[in-house]
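A.B. asks: I'll drop the sequence and a predicted model, then ask my questions.
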Number of protein chains: 2
Amino acid sequence: VTTATFTATGMTCQHCVSSVKAEVSKINAVTSVEVELSSGQVTVNSSTPLSDKDVLDAIAEAGYAAQVSSR
Amino acid sequence: VTTATFTATGMTCQHCVSSVKAEVSKINAVTSVEVELSSGQVTVNSSTPLSDKDVLDAIAEAGYAAQVSSR
């Protein structure tokens, strides 16, 4: 299991959280996604390592800017 | 056609707007619903007059407090 974290900006409510979770969950190999509204933190677990770009693109698809969290 | 207006509080984004529109649209006789995020104004058109309570309940179902706008 691989865990990667990202920070999304602009989420204002639980609907936003849900839309980010839904988009990131579509990525192949993703097994779970947690999104924290207050901090914008998006934690992604996957069975194989993901490309950061795929995750950032998925978050962008949901409508939010994001960056890789410091690791 | 009857038009009634309500003011909802707590909507923060277009997802919220969509959820209010979806709930209010379910009410029988409703023909269209407009929701303005910035003001919270919910404008409901219907083929027959609606009960205010039905509309307020629908907005509450979406997760927002609301009141009848001054008429």
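C.D. replies: Yep, that arrived.
A.B. asks: so which bits of stretch A:25-40 are buried?
C.D. replies: By neighbour count with 16 or more other CB atoms under 10 Å in any protein chain shown, stretch A:25-40 contains the buried residues A:27, A:30, A:33, A:35, A:40. Where you see a C-beta, it was placed from the backbone N, CA and C, and this is true even at glycine.
A.B. asks: so which strand or helix has the third one?
C.D. replies: It refers to A:V33. Take DSSP states H and E as the rule and A:V33 turns out to sit in strand A:30-35.
A.B. asks: what packs against that strand?
C.D. replies: Here strand A:30-35 is seen to pack against helix A:14-25, strand A:41-46 when contacts are counted using 3 or more CB pairs under 8 Å, 6 or more residues apart in numbering or on different chains; DSSP states H and E.
A.B. asks: and of the ones you listed, who's closest to chain B?
C.D. replies: Among the helices and strands packed on strand A:30-35, the nearest to chain B by CB to the nearest CB is helix A:14-25 (3.1 Å).
A.B. asks: before we move on, the earlier item: what comes into contact with the strand holding A:V33?
C.D. replies: When contacts are defined by CB atoms under 8 Å, 6 or more residues apart in numbering or on different chains, strand A:30-35 is touched by residues A:1, A:8, A:11, A:17, A:20-21, A:24-25, A:41-47, A:50.
A.B. asks: kindly report the same for stretch A:50-67.
C.D. replies: Stretch A:50-67 has contacts (CB under 8 Å, 6+ apart) with A:2, A:4, A:6-11, A:16, A:19-20, A:22-24, A:26-27, A:29-30, A:40, A:42, A:44, A:68.
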